[in-house]
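Novice: Give me the fold of what follows.
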Amino acid sequence: MKTKVLLCLLLLTQLARGQESRPMEDGFFDPTRDPIANLINNRIRLLVCEEVLLRSVAAGFPRVGMIERMAGQKIEGYWWITLESRHAEDMEQSVFVAVRLKPHLNGQYFADSFWTACTGEGCGGCDFKLQMDGCFCKFDKPGEPGTPGACYQTTSDEPLLVRVPLQSPRE
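Specialist: Model prediction:
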């Protein structure tokens, strides 16, 4: 009798698992469901391709244009996904976006709802350091050495990443 009950419980468990949504098998990246990165040898390794993450960020923050660099960074004890880009409408301007990651099981990291962005005006490259009170301009105005620029900070606790298809739409 115990064996039959155990077998029924195992069968019910398998049926319940079959009902669950499998990560990314539906053709979409969903930041509420899918992990973004793993921690391996104390380094963040992306599980989602950069192009998909870029489309997910750009859907919520359209100023992001051509990506110059995407990386995992540890800031104030948290892992963050950071991206440096050119402004979508003005290639001379800089945009820096950092999305905080929250740890989950087995070294997986998901997107947290907290993020910050630095948008440059007359700045060749924005960056973010808490020791510098947030956003700052790393380089002078493009084409005008010695002309300092500015970076303006946007911070939010509303999720930035949104659900996007894994395949980019063909134009």
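
Novice: in the sheet, who's paired with the closest residue to Ile67 other than its chain neighbours?
Specialist: Here the nearest residue to Ile67 in space, its sequence neighbours aside, is Ser85; by C-beta to C-beta, 6 or more residues apart in numbering that works out to 4.8 Å. Glycine gets a C-beta too; all of them are placed from N, C-alpha and C. Ser85 has the following beta-bridge partners by DSSP bridges: Ile67, Val95.

Novice: can you check Gln108 too?
Specialist: Here Gln108 shows beta-bridge partners Asn38, assigned using DSSP bridges.

Novice: contacting residues around it?
Specialist: Remark: with contacts taken as C-beta atoms under 8 Å, 6 or more residues apart in numbering, Gln108 is in contact with 35, 37-38, 47.

Novice: Also Leu46?
Specialist: By C-beta under 8 Å, 6+ apart, the contact set of Leu46 is 36-37, 53, 70, 72, 81.

Novice: What's the per-residue pLDDT of the residue nearest to Ile67 here?
Specialist: Looking at Ser85, its pLDDT stands at 86.

Novice: That one contacts Pro62, doesn't it?
Specialist: No: distance between Ser85 and Pro62: 11.5 Å, which falls outside the contact criterion (C-beta atoms under 8 Å).

Novice: the more surrounded of the two?
Specialist: Between Ser85 and Pro62, counted using other C-beta atoms under 10 Å, Ser85 has the larger neighbour count: 24 against 10.
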